[in-house]
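Peer 1: Here you go, sequence then predicted model.
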Amino acid sequence: MRILVVNPGSTSFKYRLFSLDGEQVRLVARGGSERVTDYGAAIDRALGELAEGGHVRGAADLDGVGFKAVFGGDLSGCVLADENVEQALRATADLAPAHNPPYADALRVFRERHPGVPRVAVFETAFYQWVPDHARRYAVPDAWYRAGIRRHGFHGASHKFVAERSAELLGREDVAAVARRLYLDGPRRLSGAPLRIISCHLGGSSSVTAIRDGVAIGTSMGLSPQSGLPQSNRVGDLDSAAFPCAMRRLGLTMEQAENQLIRESGLLGLSGVNNDLRDIKSAADRGDARARLAIDVFVHSLRHWIGAFWFELGGCDALIFTAGIGENNPWLREAACAGLSDLGLRLDLEANAGAPPGTNLAASDSRIRVVVIPANEELVVARETARFLAARRSVA
Ligand code: ADP
């Protein structure tokens with residue numbers, strides 16, 4: 001099967017073409033454009049490049065297009081991305097204002113231009129469908145819950161890839177098989193000791209997810225991607241009283257307060273530098289106190305969530321780091337793992353500084369392993385799209 005995975009950002013359009021044969025997946029081509037104002041043109045350009053490269057002659061040669069959709073309210077899992085899905089993305093854009101509008105636009109343009117190519121939305125929330133109620137409910141009036149105020153979880157494709165890959169790396173093929181087929185078959189009870197993974201996706205936005213036997217049982221992201229750890233420029237966890245308090249004390253409208261929490265908070269708001277951890281770290285190393293504080297708050301929050309899930313899982317077999325921050329910053333991994341030797345975790349500082357992804361970065365006497373797994377969300381979306389379409393064909 002030829003599956004195109006597209007990633008429409010607010011100003012960019014990236015794509016990857018995969019060829020899938022059963023469980024074998026091959027990346028055939030990738031590309032994209034920046035400063036996109038017209039999705040139709042961007043999609044045409046992508047298909048033109050794929051035709052020129054001899055990969056697909058035109059849309060008719062594509063078996064499907066996969067979208068890593070962020071949030072669709074009650075819609076989750078893998079679904080055929082028809083007009084109802086476009087509408088759901090628009091209707092719920094208040095909770096994912098940076099993500100949903102470009103996705104809905106790109107879906108519409110694909111539908112209008114190439115109606116014969118099936119579009120599949122693989123929702124980021126899908127990985128959290130088995131999180132128990134006690135870990136997803138907020139203590140709000142029942143009417144709020146019925147209005148959809150609950151923990152949804154995000155970064156599902158990334159954490160699902162970690163669930164699959166960590167099990168493979170740790171020699172638990174039984175767990176890896178469950179994780180790979182999770183969206184089709186659901187969780188399965190396995191014999192043997194449970195595999196307990198704490199997955200830290202640390203990047204432009206960050207979340208920590210607890211995974212038992214390939215299935216998420218809790219996550220730091222809540223109702224919206226403005227929750228959990230401090231994000232690059234979004235707030236992360238916040239006492240609900242802070243919102244009306246800031247409105248009253250600073251004379252802000254609701255829109256202004258919301259805008260500041262979504263665009264001027266997180267690492268940017270704390271540091272006053274910008275939203276890139278590289279620049280914040282350089283400033284901290286030069287003695288900038290606000291930059292240092294931003295890093296300390298981030299690490300504190302990261303350790304808070306790791307600790308919460310360690311307890312919830314009843315232990316931890318491996319701590320996984322993924323995405324831009326998690327993969328590329330040994331100093332941050334060291335800070336996250338500091339002082340945990342009584343809990344059985346000791347980092348090997350040399351390995352942490354230089355060992356390749358996929359290797360164990362923990363010392364030989366450490367019970368808990370520490371591993372970097374490069375993020376590969378597009379692969380998950382391609383696989384899920386192919387599985388969804390194959391299952392649909394076999395039913396038809
Ligand atoms: P996005 O969520 O936008 O895909 P990424 O996963 O690329 O973001 O993460 C962006 C963050 O990762 C930035 O804060 C940046 O500082 C950090 N980062 C990315 N690459 C590197 C690198 N090579 N070295 C250090 N930090 C990096």
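Peer 2: Nice, I can see it.

Peer 1: Only C-alpha atoms from now on, for both contacts and neighbour counts.
Peer 2: Noted.

Peer 1: Could you check which residue of the stretch 1-150 of the chain lies nearest the ligand?
Peer 2: Gly9 (9.8 Å; CA to the nearest ligand atom).

Peer 1: what does this structure have sitting close to the ligand?
Peer 2: 203-205, 276-278, 323-325, 328-329 (CA under 6 Å from any ligand atom).

Peer 1: which among those residues end up buried?
Peer 2: 203-205, 277, 323-325, 328 (16 or more other CA atoms under 10 Å).

Peer 1: Check those and tell me the two furthest apart.
Peer 2: Greatest spacing in those, by CA to CA: Ser205 and Asn328 (14.8 Å).

Peer 1: Any stretches of the protein with poor pLDDT?
Peer 2: Along the chain, the parts satisfying pLDDT under 70 run over 10, 396.

Peer 1: Tell me which residue lies nearest the centroid of it.
Peer 2: His155 (1.7 Å; CA atoms, centre = their mean).

Peer 1: Doesn't Gly31 lie inside a helix?
Peer 2: No - in this structure, Gly31 is strand, not part of a helix, as judged by DSSP: H, G, I helix; E, B strand; the rest coil.

Peer 1: count of residues packed around it?
Peer 2: Look at Gly31: counted by other CA atoms under 10 Å, it has 14 neighbours.

Peer 1: Which SSE is immediately downstream of the top helix by length along the chain?
Peer 2: Identified as the longest helix of the chain according to DSSP state H is helix 289-313. For helix 289-313, the following helix or strand on the C-terminal side (DSSP states H and E) is strand 318-322.

Peer 1: now, which of the buried ones among the residues of the chain next to the ligand lie within helices?
Peer 2: 277, 323-325, 328.

Peer 1: Out of those, flag the one nearest to Ala176.
Peer 2: Ala323 (20.3 Å).

Peer 1: For the closest one, which residues are in contact?
Peer 2: The contact partners of Ala323, by CA atoms under 8 Å, 6 or more residues apart in numbering, come to 201-203, 374-375.

Peer 1: Spell out, range by range, the strands that occur in the stretch 101-250 of the chain.
Peer 2: 119-122, 196-201, 207-212, 215-219 (DSSP state E, counting those that start in this stretch).

Peer 1: Could you say which one of the ones you listed comes nearest to Leu349?
Peer 2: Of the strands of the stretch 101-250 of the chain, nearest to Leu349 by CA to CA is strand 196-201, at 18.8 Å.

Peer 1: Report the inter-axis angle for that closest one versus strand 318-322.
Peer 2: Between strand 196-201 and strand 318-322, the angle comes out at 20 degrees (axes from the mean of the first three to the mean of the last three CA atoms, to 10 degrees).

Peer 1: got a list of contacts for strand 196-201?
Peer 2: 155, 158-159, 162-163, 166, 206-213, 306, 309-310, 313, 315-323, 326.

Peer 1: Just to check, Gly72 is in contact with Leu95?
Peer 2: No - taking contacts as CA atoms under 8 Å, Gly72 lies outside contact range of Leu95: 9.5 Å.

Peer 1: Neighbour count for these two, which is higher?
Peer 2: Gly72 (24 against 18).

Peer 1: residue contacts, the more buried one?
Peer 2: 85, 88-89, 92, 123.

Peer 1: and those residues, which of them are in helices?
Peer 2: Reading helices off these with DSSP H, I get 85, 88-89.

Peer 1: who's in contact with the residue nearest to the centre of the chain?
Peer 2: Taking CA under 8 Å, 6+ apart, one finds 124-125, 201, 207 in contact with His155.

Peer 1: Ramachandran angles for it?
Peer 2: Main-chain torsions, His155, degrees, to the nearest 10: phi 60, psi 30.

Peer 1: Spit out the contact partners of Ser301.
Peer 2: So Ser301 contacts 228-230 (CA under 8 Å, 6+ apart).

Peer 1: what's the closest of those residues to the ligand?
Peer 2: Pro230 (11.5 Å).

Peer 1: is it true that the closest one touches Glu264?
Peer 2: No - Pro230 lies out of contact with Glu264 (CA under 8 Å); the separation is 11.5 Å.

Peer 1: if you count what's nearby, which of those two comes out ahead?
Peer 2: Set Pro230 next to Glu264 and count neighbours by other CA under 10 Å: Pro230 wins out with 28 against 20.

Peer 1: Distance-wise, check the nearest residue to Ser271 once chain neighbours are set aside relative to Val175.
Peer 2: Distance criterion CA to CA, 6 or more residues apart in numbering; nearest residue to Ser271, sequence neighbours excluded, is Ala291 at 4.3 Å. Separation of Ala291 from Val175 (CA to CA, to the nearest Å): 41 Å.

Peer 1: between the ones in helices among the buried ones among the residues of the chain next to the ligand, which is nearest Arg108?
Peer 2: The closest of these to Arg108 turns out to be Ala323 (CA to CA; 29.3 Å).

Peer 1: Can you give me the buried ones in the longest helix of the chain?
Peer 2: Here helix 289-313 shows 290-295, 297-299, 301-306, 309-310, 313 as buried, counting by 16+ other CA under 10 Å.

Peer 1: same check, this time on stretch 42-55
Peer 2: So for stretch 42-55, counting by 16+ other CA under 10 Å, buried means 42-43, 46-50, 55.
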